[in-house]
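**Student:** What follows is a predicted structure for the sequence shown.
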2 protein chains.
Amino acid sequence: MTTDRELRERAGKVIPGGMYGHLNAAIFAPGYPQFFERARGCRQWDVDGREYLDFMCSWGPVVLGHRHPRVEEAAARQAAKGDCLNGPGPVMVELAELLVDTVPSADWVMFSKNGTDATTQALMVARAATGRTKVLMAHGAYHGADPWCTPSLAGTTPNERADLAEFAYNSLTGLEEAAAALDGEVAAIIVTPFKHDSFEDQELAEPEFARGARRLADRIGSALVIDDVRAGFRVDLRGSWEQYGVRPDLTAWSKAMANGYPIAAVTGTDALRGAAQTLYSTGSFWFSGVAMAAAKATIETLRDTDAITAMERAGARLRAGLYAQAESHGFTVNQTGPVTIPWLSFDGDADLSVAMHWTTECLRNGVYLHPWHNWFLSAAHTAEDIALALDGTDSAFSATKRHFS
Amino acid sequence: MTTDRELRERAGKVIPGGMYGHLNAAIFAPGYPQFFERARGCRQWDVDGREYLDFMCSWGPVVLGHRHPRVEEAAARQAAKGDCLNGPGPVMVELAELLVDTVPSADWVMFSKNGTDATTQALMVARAATGRTKVLMAHGAYHGADPWCTPSLAGTTPNERADLAEFAYNSLTGLEEAAAALDGEVAAIIVTPFKHDSFEDQELAEPEFARGARRLADRIGSALVIDDVRAGFRVDLRGSWEQYGVRPDLTAWSKAMANGYPIAAVTGTDALRGAAQTLYSTGSFWFSGVAMAAAKATIETLRDTDAITAMERAGARLRAGLYAQAESHGFTVNQTGPVTIPWLSFDGDADLSVAMHWTTECLRNGVYLHPWHNWFLSAAHTAEDIALALDGTDSAFSATKRHFS
């Protein structure tokens, strides 16, 4: 029996269903390992010693590669002093200053632990500022796993979602109609910088949608909240809609912020500072220094090096390679999203059976992708790593072709 | 200008109000430092180099003392392999097994990051299991800082609290009446193991209240949820109501679980395992290995050593010393709560002005207490530390006497 299998049997006794949440391997495709032993750079090893070229980056957090020396050193230096103390350390101020310097829409910062903490807190600030209750979100968007936003209704109550209304991503008309229907009651419009819903091709934001959302929020006096939890620090350090000239009132950050250390943040504008000040929002570990030191080192590294350009180069190389391979094997594929947060679907593969087969074959060849959730590049992916990965994906296209012929 | 003052000025520009949440020094008493530099054992040093004998333990998380060798070693060993990977490590199973072995009411475990994650998730499990929506909680009890439970209404909506009803802690009649008023709609009764609301004397649970809550939950088919976030691992490793022979259906844990590393957990009974399995509840850092390794080492140390007895000894010594000192200075004081999670109030001090003065004097003498939130002992507090602390508190009583005479 493999170690993974043995651990799954033990987990089945002490963890509901053997595992839960987004890292539950049972919900990916067959053959995925559940338990991991170690990681370095863009490689991870499962508990049975199999090595993977990793294109999930722990579902986003790892942006510079695992155990990045500059981040580890900063974290260790802080840990030697202390982590969770009776108050924050100087690093909290330094990190807040760094974010305010880096993100044009950020005049202030509040830190927490989960991406869900940050999206929830952003809506609280918006509600405190406007005195309104309603929130507009895109249909199908993932904003976290608290009762108000988790994709499953299990364990939630209708009241917990009664203040939400939906619009279709990229439909400015839809957004305007949804706002009109709520007649002056909209506290916030929350939106991801691009559509990255699971099981579907990703969609970049239409610049006109982004700009129109900004105009609408201004017109009706609502806060525009960008949920940059997934995309932040992989698209544009200044915020993922800066490229469209659109600045949010509030932004939720987490995942890649500290290269895997647990932290999240809300940044906001001066106009909302007073409202933010009225909240009672806190957590036992929200002021801990080690994750803040790691975040500071991560953001400084992203700022001072060509890390984002390197990620883009690696992502572009992967995308070009996959298009060429798919064509040569007679597959029509769609590659969507930014090249640093890519996904590939097969044309006509509504039930994802081709994607499942292909990603399982990739996995067998040591390339860790995902059949229905977007992938992530890191700055640790070199041209050689991409070339090696493309060897694995090419064999996987061959095997998939044979299987479905 | 002191370093603390300088950091406050900088923080005032980039953090709303200069600080937020439970570690905002502005809401304690005058003179408290906001920023801390380092910690070891039961001592913390602020950024101006002042040393404190610490009786807040970072508001609970630090239970073995800062930088406890066994915990640090376990965390470092895991960190060298990896922390946030594409799946959990073996340590997740080992930690879940340890909790199930340690806590009689635990047949399974789900991990998260914040105490609020755990209380929220426990209610989700109860709602999924019962198909009901309503939750009974004690008036004034703190169960976290999400919109449904934060003590401030700022940024929350009425709908977010519409599924809650309240009862008075320790009033079985009140609890029964509140349940009857909801007529079969109660998914859960959530209760802290003792009353530890801020600004008030603590109250241990009446054994008859605890047993009556259990009987009521059984009779009406609701889940009994113990919020052991604050008290867990300082009263009874088996769960804080085990001493009354009362076992909950669900328990929320966090704070002291990993000696300061960020982790939380819900444990539950077999009857609720299927319901827990239906939730989609997750977070980017919920499966990270380092905090789990720290939790395993913390709980093993608490189990294998006399840590809890040592804490009780230190707490009893502190309580006896404070009673004797108060009496000798002519103060009538109330010391409430378990000796490991104590608090002291002054008779007739409704506006807490005496407590504010006394704790500020203690602080000046290097003893870090809190004027309106309960304190925490750790296993690092030796008899010598308590004796030293009592020197500081005695002078503080003198100074307080002089001030109010």
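**Tutor:** Arrived safely. Residues are numbered from 1 along each chain as shown, chains lettered A, B, ... in the order given.
**Student:** Run through chain A and note the low-pLDDT ranges.
**Tutor:** Of all residues in chain A, none has pLDDT under 70.
**Student:** Which residue would you name as the spatial centre of it?
**Tutor:** The residue lying closest to the centre of chain A (CA atoms, centre = their mean) is A:R230, at 1.8 Å.
**Student:** What residues does it make contact with?
**Tutor:** For A:R230, the contact set (CB atoms under 8 Å, 6 or more residues apart in numbering or on different chains) comprises A:60, A:115, A:142, A:192, A:196, A:255, A:341, A:374. (Each C-beta comes from the backbone N, C-alpha and C, glycine too.)
**Student:** ok, 6 Å please
**Tutor:** Each residue near A:R230 by CB atoms under 6 Å, 6 or more residues apart in numbering or on different chains is listed here: A:60, A:196.
**Student:** Next: A:G212.
**Tutor:** Going by CB under 6 Å, 6+ apart, A:G212 touches A:L172.
**Student:** Could you check which helix or strand contains it?
**Tutor:** When elements are assigned from DSSP states H and E, A:G212 belongs to helix A:207-220.
**Student:** Next one: the residue nearest to the centre of chain A relative to A:A162, how far apart?
**Tutor:** Applying CB to CB, to the nearest Å, the value for A:R230 to A:A162 is 26 Å.
**Student:** which parts of the stretch 151-300 of chain A sit against chain B?
**Tutor:** The stretch 151-300 of chain A comes close to chain B at residues A:151-152, A:154-155, A:157, A:159, A:162-163, A:255, A:260, A:262, A:273, A:276-285, A:287, as judged by CB under 6 Å from any CB of the partner chain.
**Student:** got the contact list for stretch A:84-103?
**Tutor:** Residues from elsewhere that reach stretch A:84-103 (CB under 6 Å, 6+ apart): A:106, A:109, A:237-239, A:267, A:285, A:287-289, A:292-293, A:295-296, A:299, B:7, B:10-11, B:14-15, B:23, B:34-36, B:39, B:44, B:56, B:58, B:61, B:260.
**Student:** Select only the buried ones of those in PyMOL?
**Tutor:** Buried residues among these (16 or more other CB atoms under 10 Å in any protein chain shown), as a PyMOL selection:
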select buried, (chain A and resi 106+109+237+239+267+285+287+288+289+292+293+295+296+299) or (chain B and resi 7+10+11+14+15+23+34+35+36+39+44+56+58+61+260)
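**Student:** Now, the contacts of stretch A:84-103 that are in helices?
**Tutor:** A:289, A:292-293, A:295-296, A:299, B:7, B:10-11, B:14 (DSSP state H).
**Student:** Rebuild those as TSV, extending it with distance to B:L136.
**Tutor:** Below are the ones in helices among the contacts of stretch A:84-103 laid out as TSV (distance: CB to CB, whole Å):
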residue	distance to B:L136
A:G289	38
A:M292	38
A:A293	42
A:A295	39
A:K296	44
A:I299	44
B:L7	43
B:R10	45
B:A11	39
B:V14	41
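**Student:** Would you check which pair of those lies furthest apart?
**Tutor:** Taking CB to CB, the two most distant members of the ones in helices among the contacts of stretch A:84-103 are A:I299 and B:L7; they sit 19.5 Å apart.
**Student:** Going along the chain, name the helices of chain A.
**Tutor:** Ranges of helices in chain A, per DSSP H, are A:3-14, A:69-81, A:90-102, A:115-130, A:172-181, A:207-220, A:273-278, A:289-304, A:307-328, A:353-364, A:383-404.
**Student:** most tightly surrounded among those helices?
**Tutor:** Among the helices of chain A, ranked by average contacts under mean count of other CB atoms under 10 Å in any protein chain shown, first place goes to helix A:115-130 (a mean of 28).
**Student:** Please work out which residues outside that helix touch it.
**Tutor:** Outside helix A:115-130, the residues touching it (CB under 6 Å, 6+ apart) are A:112, A:135, A:143-146, A:187-188, A:223, A:225, A:227, A:229, A:250, A:252, A:254, A:264, A:266, A:272, A:275-276, A:278-279, A:281, B:154-155, B:284.
**Student:** in the stretch 201-350 of chain A, what residue is nearest chain B?
**Tutor:** Nearest residue of the stretch 201-350 of chain A to chain B (CB to the nearest CB) works out as A:T282 at 2.7 Å.
**Student:** Compute the distance between the residue lying closest to that residue once chain neighbours are set aside and B:E203, please.
**Tutor:** With CB to CB, 6 or more residues apart in numbering or on different chains as the criterion, A:T282 has its nearest non-adjacent residue at 2.7 Å, and that residue is B:G21. For B:G21, the distance to B:E203 equals 25 Å [CB to CB].
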